[in-house]
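K.L.:
Return atomic coordinates for the entry below.
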Amino acid sequence: MRLGQAGCDAPRVSDDVLARLEAYYDTAPRANATTEEVGPFTSFLKASPDGWGYYARPRLGLAGNITAADVDALRARRRSLGEGEDLEWVHETTPSLLAAARASGLAVHECPLLVLADPSPGWQSDRRVAQEVTGHAAVLGPDDDLDTVVGAIHAGFEGTDEATPRPADRHRRMIRAGLLTLAAAYDGRGAVVGGGSHGPRGDTTELTGIAVLPRARRQGLGAAVTAALVADARARDVRTVFLSAQDDTVARVYERVGFARVGTACIAEAPSS
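P.N.:
Coordinates of the predicted model:
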């Protein structure tokens, strides 16, 4: 569904929930990025030449509308710094940015934004793992084989069973600092077939990068990874657990394990040439 055509059909959500998500979005990148204020935006920049690439967001607490000229100025500034032109925001918090981003020529992806409806100690999703599945999920430590897990997650998103280990030094540093939890999914033979992560900041965390290899799908392993991450978040006294789903089909999977749609996360990118 396109917001510009049909309007958002997400249920009404309290301003408190949206405020918590906005505070998280502003806080999470700062552990590995520097910032610059550009018009109505906070622009997150690489902290080092080999650092992760980031994006810009509407400034926390911003009031008023954003124009296409504002987006044009931001894109020009980020290009001058050698940064990507990506923008991220929550539509319900900054509704004017959708039209402005499109008028500036950005391609906008609209992703269902979901919050765990009942993060109580009794919540579990492992009961949804089929009985015949012998695989499992587990939270990892910084000295575990993270490279293999990160490689499997990337392969899952790429839709291939050919997984190649990827360097995970940043993941190790963030796990040691308490800024990241990484979980792995294993098949019945103990082979890594996917995983996922969450990044706690205070009492809020976002689940990200949950994926399994094509050969291991439809076996409940994604739900098992989600359960492991939520259990870890609960142990850290996290109050709000949320995620952005790729599309409505993926969102329905998370709704079946306890998440509720609260809005739309928008990701804008410069069209590929």
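K.L.:
In contact with the most centrally placed residue in the chain, which residues?
P.N.:
Taking Cα atoms, centre = their mean, the centroid of the chain lies closest to Thr208, which sits 4.0 Å from it. Residues in contact with Thr208 (Cβ atoms under 8 Å, 6 or more residues apart in numbering) are 196-199, 243. Glycine gets a C-beta too; all of them are placed from N, C-alpha and C.
K.L.:
which residue ranges form the strands in the protein?
P.N.:
Ranges of strands in the chain, per DSSP state E, are 33-38, 41-46, 56-58, 87-90, 107-116, 136-139, 181-186, 192-198, 204-212, 240-244, 259-269.
K.L.:
Now mean pLDDT and distance to His171 too, for these, in JSON lines please.
P.N.:
Formatted as JSON lines, the strands of the chain follow (pLDDT from 0 to 100; distance: least, Cβ to Cβ, whole Å):
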{"stretch": "strand 33-38", "mean pLDDT": "97", "distance to His171": "16"}
{"stretch": "strand 41-46", "mean pLDDT": "96", "distance to His171": "17"}
{"stretch": "strand 56-58", "mean pLDDT": "98", "distance to His171": "23"}
{"stretch": "strand 87-90", "mean pLDDT": "98", "distance to His171": "21"}
{"stretch": "strand 107-116", "mean pLDDT": "96", "distance to His171": "23"}
{"stretch": "strand 136-139", "mean pLDDT": "93", "distance to His171": "13"}
{"stretch": "strand 181-186", "mean pLDDT": "96", "distance to His171": "6"}
{"stretch": "strand 192-198", "mean pLDDT": "97", "distance to His171": "8"}
{"stretch": "strand 204-212", "mean pLDDT": "96", "distance to His171": "10"}
{"stretch": "strand 240-244", "mean pLDDT": "96", "distance to His171": "18"}
{"stretch": "strand 259-269", "mean pLDDT": "96", "distance to His171": "22"}
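K.L.:
Tabulate those (CSV), appending distance to Arg234.
P.N.:
CSV is the format used below for these (distance: least, Cβ to Cβ, whole Å):
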stretch, distance to Arg234
strand 33-38, 28
strand 41-46, 28
strand 56-58, 27
strand 87-90, 24
strand 107-116, 10
strand 136-139, 12
strand 181-186, 11
strand 192-198, 11
strand 204-212, 10
strand 240-244, 8
strand 259-269, 15
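K.L.:
for those, which one sits closest to Arg172?
P.N.:
strand 181-186 (9.2 Å; Cβ to Cβ).
K.L.:
Run me through the strand neighbours of that closest one, direction for each.
P.N.:
Strand 181-186 has the following strand partners under DSSP bridges: strand 136-139 (antiparallel), strand 192-198 (antiparallel).
K.L.:
shaky segments in this protein?
P.N.:
For the chain, the stretches flagged by pLDDT under 70 are 1-14, 118-135, 273.
K.L.:
Next one: Ile153 from Ala211, what distance?
P.N.:
5 Å (Cβ to Cβ, to the nearest Å).
K.L.:
more neighbours, those two?
P.N.:
The residue with more neighbours, out of Ile153 and Ala211, is Ile153; 28 against 24, by other Cβ atoms under 10 Å.
K.L.:
My read is that the more buried one contacts Gly194, right?
P.N.:
Yes: here Ile153 lies in contact with Gly194, judged by Cβ atoms under 8 Å, at a distance of 6.0 Å.
K.L.:
who touches both of these two?
P.N.:
Taking Cβ under 8 Å, 6+ apart as the contact rule, Ile153 and Gly194 both touch Ala211.
K.L.:
Good, we can wrap up now.
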